[in-house]
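Enquirer: Provided below for reference: sequence and predicted model.
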Amino acid sequence: MALYMPPVFRKVIELSGKERPNILYIGTASFDKEENFNKHSKKFLSKGCSIDRINVAERDAVPSYEEMRRLVVEWSDVLVCSG
């Protein structure tokens, strides 16, 4: 994934307009696997960004509408979708 490349994750942060944006990770292509989330979020965490995730692969793990709205609309500055 391109997020491993320093110019890419730096540009994502820059485009957010914030020094340390809130990053919301949606691991659709990786089926919400913990190891992929950790790998994809490492660079953002190293730059002081906050990161959260929405799991969507397993019906039981999908958050409520209210929680998704809070994360997507109110909390996140950047949405990162794997795949």
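Expert: Alright, I've got the coordinates.
Enquirer: Remind me what the helix or strand bottoming out on mean pLDDT in the chain packs against, helices and strands.
Expert: Lowest on mean pLDDT, DSSP states H and E among the helices and strands of the chain sits helix 34-46, with a mean of 87. Helix 34-46 is packed against helix 6-16, strand 22-26, strand 50-54, with contacts defined by 3 or more C-beta pairs under 8 Å, 6 or more residues apart in numbering; DSSP states H and E. Every residue, glycine included, has its C-beta placed from N, CA and C.
Enquirer: Once you drop chain neighbours, what's closest to the residue nearest in space to the middle of the chain?
Expert: Closest residue to the average C-alpha location of the chain: Y25 at 2.1 Å, with C-alpha atoms, centre = their mean. Across the structure, with C-beta to C-beta, 6 or more residues apart in numbering as the measure, the residue nearest Y25 apart from its sequence neighbours is R53 (4.3 Å).
Enquirer: cool, and V62?
Expert: The shortest distance from V62 to any residue other than its chain neighbours is 5.8 Å, reached at V56 (C-beta to C-beta, 6+ apart).
Enquirer: what residue of this protein is the furthest out?
Expert: Taking C-alpha atoms, centre = their mean, the residue of the chain most remote from its mean C-alpha position is D60, at 19.8 Å.
Enquirer: ok, S16 - contacts?
Expert: Each residue near S16 by C-beta atoms under 8 Å, 6 or more residues apart in numbering is listed here: D77, V78.
Enquirer: quick revisit: pull the number of nearby residues for the residue nearest to V62.
Expert: By the criterion of other C-beta atoms under 10 Å, V56 has 16 neighbours.
Enquirer: ok, it to K47 distance?
Expert: Plainly put, V56 is 25 Å away from K47 if you go by C-beta to C-beta, to the nearest Å.
Enquirer: Could you measure from A61 over to D52?
Expert: Between A61 and D52 the distance is 14 Å, computed by C-beta to C-beta.
Enquirer: Brilliant, that's me finished.
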